[in-house]
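Participant: sequence and predicted structure are below.
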Amino acid sequence: MGRTMDGKVALVTGGGRGIGRAIAERLGRDGAVVAVAYARDTASAEEVVARIRKDGGQAFAIRAELGRHGDAAELWAAFDAGVRPLVPGGGVDVIVNNAAIGRSSDLANLTEEGFDEVFAVNVRAPFFIVKEGLGRLRDGGRIINVSSGAARIAMPEIIAYSSTKGALDTFTLNLAKQLGPRGITVNSVAPGIVDTDVNASWLRGDPEAQARAAAVAALGRVGQPDDIADVVAFLASDDARWVTGRVVDATGGSGL
């Protein structure tokens with residue numbers, strides 16, 4: 001595997017576990033200096049940093065609890081402090097908005113507090129992370145928003161979550177138009193069912209649940225974090241320089 005991102009700096013939110021962890025480790029293997037942003041689990045984030053360093057890369061962890069006013073400014077202040085010892089002058093080349101709240105409910109059981117929480121983390125935080133980060137993002141950079149197949153497949157049982165991902169895709173479209181003159185590409189990646197800790201309670205250790213989940217995808221299996229990380233790595237690379245404003249379906253053909 002070539003080090004296609006030597007000299008680049010990447011920020012991955014929600015980088016301590018699941019899909020975010022796979023993305024951070026993949027970008028680290030590709031040569032990027034990776035900022036692993038996490039909310040609470042310091043030990044997990046430090047494990048990711050250690051793994052990247054073991055593989056010959058550079059990384060640092062930054063705590064960033066999203067969903068509060070001022071969260072983006074705090075995240076970037078921590079980023080600046082962490083990156084400057086590694087990259088003189090700082091700056092960032094790739095922003096991956098991966099952190100999200102995956103839980104939601106149907107319309108009948110959705111509370112105003114639950115609605116506000118999921119939108120604060122899944123939509124407001126990426127908006128302001130990008131807004132606060134644009135002065136640091138170098139021309140020719142990449143913004144990659146981790147969306148969901150739920151934005152195109154009707155799933156009323158998680159209506160608020162699905163709605164946040166639809167909003168994120170619209171954000172992607174508009175950012176791509178705005179930032180195109182700077183050579184910055186902006187894309188969404190939309191996973192389907194992925195075997196992560198978030199889905200462990202109903203997916204792992206239950207052959208019937210595994211079979212049902214696998215049957216949703218045309219490719220006949222449950223997704224793995226590396227499946228998504230590899231798509232993100234492509235979009236972060238120079239090979240994807242002519243792709244922008246798109247939602248890249250990474251569901252294994254779910255709902256076809």
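Facilitator: That came through fine. Every value quoted in this text rests on a predicted model; they were computed, and no experiment measured them.
Participant: so who does residue 21 touch?
Facilitator: Contacts for residue 21 (Cβ atoms under 8 Å, 6 or more residues apart in numbering) come out as 15, 44, 48, 225. Quick note: C-beta positions are derived from backbone N, CA and C, even for glycine.
Participant: what's the burial count for the second one?
Facilitator: When neighbours are defined as other Cβ atoms under 10 Å, residue 44 has 17 of them.
Participant: host element of it?
Facilitator: helix 42-54 (DSSP states H and E).
Participant: hang on, the earlier thing: format the contacts of residue 21 as JSON lines; extra columns: pLDDT and distance to residue 219.
Facilitator: As requested, the contacts of residue 21 are arranged in JSON lines below (pLDDT from 0 to 100; distance: Cβ to Cβ, whole Å):
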{"residue": "15", "pLDDT": "97", "distance to residue 219": "26"}
{"residue": "44", "pLDDT": "97", "distance to residue 219": "29"}
{"residue": "48", "pLDDT": "98", "distance to residue 219": "27"}
{"residue": "225", "pLDDT": "96", "distance to residue 219": "16"}
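Participant: could you write me a PyMOL select line covering just the buried ones among those?
Facilitator: Applying 16 or more other Cβ atoms under 10 Å to the contacts of residue 21, the buried members can be selected in PyMOL as follows:
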select buried, resi 15+44+48+225
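Participant: now for the top strand by length along the chain, which elements pack on it?
Facilitator: If you go by DSSP state E, the chain has its longest strand at strand 137-146. Contacts defined by 3 or more Cβ pairs under 8 Å, 6 or more residues apart in numbering; DSSP states H and E place strand 137-146 against strand 92-97, helix 159-179, strand 185-191, helix 225-236.
Participant: show me where pLDDT drops low in the stretch 1-150 of the chain?
Facilitator: 1-2 (pLDDT under 70).
Participant: re the thing from before, next, the buried residues of the helix holding residue 44.
Facilitator: 44-49, 51-52.
Participant: what's that helix in contact with?
Facilitator: By Cβ under 8 Å, 6+ apart, the residues outside helix 42-54 that reach it are 15-17, 21, 24-25, 28-29, 34, 36, 38, 58-61, 63.
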